[in-house]
Each structure stands twice: as C-alpha cells, then as structure tokens.
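**Q** fold the following for me, if possible:
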Amino acid sequence: MSVNALRRIVIGLGVLIVIALIAVIWGIVDASRRAGNGEDAPVAADSDADTRAATRDLDLDLPPECDIVSAEADGSRLVIVTGGAPTSREACARTFVIDTRRGTVQLTVRP
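**A** Residues are numbered from 1 along each chain as shown. Below is the predicted model of the structure:
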C-alpha cells in the first residue's frame, strides 16, 4: 500500500471515531432528557408552584412501633418501605407508593 492510501484510511477511521463519540454523547443527553433530568424537562405551571409551596401532612396510619426502612423518589412518586420489630412485622411491613403532586397514597402493598 502506498503512503497516501494509508493516510486516507487513518483519516477515515479518525472521522468515524469522532462520529461515534458524538453519537454516544448525544445518546447520554437524550436519555437524561427523557428521564426528566435535562433542559427539556417539563416546567410546572404557576398554579402547581403555589400548591407545592404549601406543606402537607400525610398520615400512613402506622402503629407507633413501626419504622421507615427506606424512601425513594421516582419523578412524581415516592416509594416508602416500612418495617418494625419481628413481633410487629405483620402490622408494620408495608410498601407505600405516594403521588407527591397530590399528596395521596396511590398504592399500599402488604406481605
């Protein structure tokens, strides 16, 4: 092979690497936008902002011996897992799915 042919191959492969890198970066940005983490995430209306500013109390109707084991936010939902001592497992072991926009329990799962 001549030097010119090798040079063209190296330049072509370099261009392909740059295109692949751009595609990976675009994929990461697009995935974060679809997850609601990017600039294109929907912005709440002014009426929603007033509602969010108000503090709400939500009663999970748990006995006093129960503890919150974990809480994980997922967009407009909050998942709370509760538990307690082995003697109070039946009363305490629950999973709650809460709509944070409305402040209501959407689902309660008991074992």
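**Q** rest of the way, CA atoms for contacts and neighbours
**A** OK.
**Q** okay, residue 87: pLDDT?
**A** Per-residue pLDDT puts residue 87 at 84.
**Q** state the distance from it to residue 80.
**A** Residue 87 sits 21 Å away from residue 80, going by CA to CA, to the nearest Å.
**Q** which one of those two has more residues nearby?
**A** residue 80 (18 against 8; other CA atoms under 10 Å).
**Q** and the more buried one, what element?
**A** Taking DSSP states H and E as the criterion, residue 80 maps to strand 77-83.
**Q** what does the following helix or strand past that strand contact?
**A** Sequence order places helix 89-92 as the next helix or strand after strand 77-83, per DSSP H and E. Identification of contacts with helix 89-92 by CA atoms under 8 Å, 6 or more residues apart in numbering yields 62-63, 65-67, 82-84, 111.
**Q** now with 6 Å, please.
**A** Here helix 89-92 makes contact (CA atoms under 6 Å, 6 or more residues apart in numbering) with 66, 83-84.
**Q** many thanks, I have nothing further to ask.
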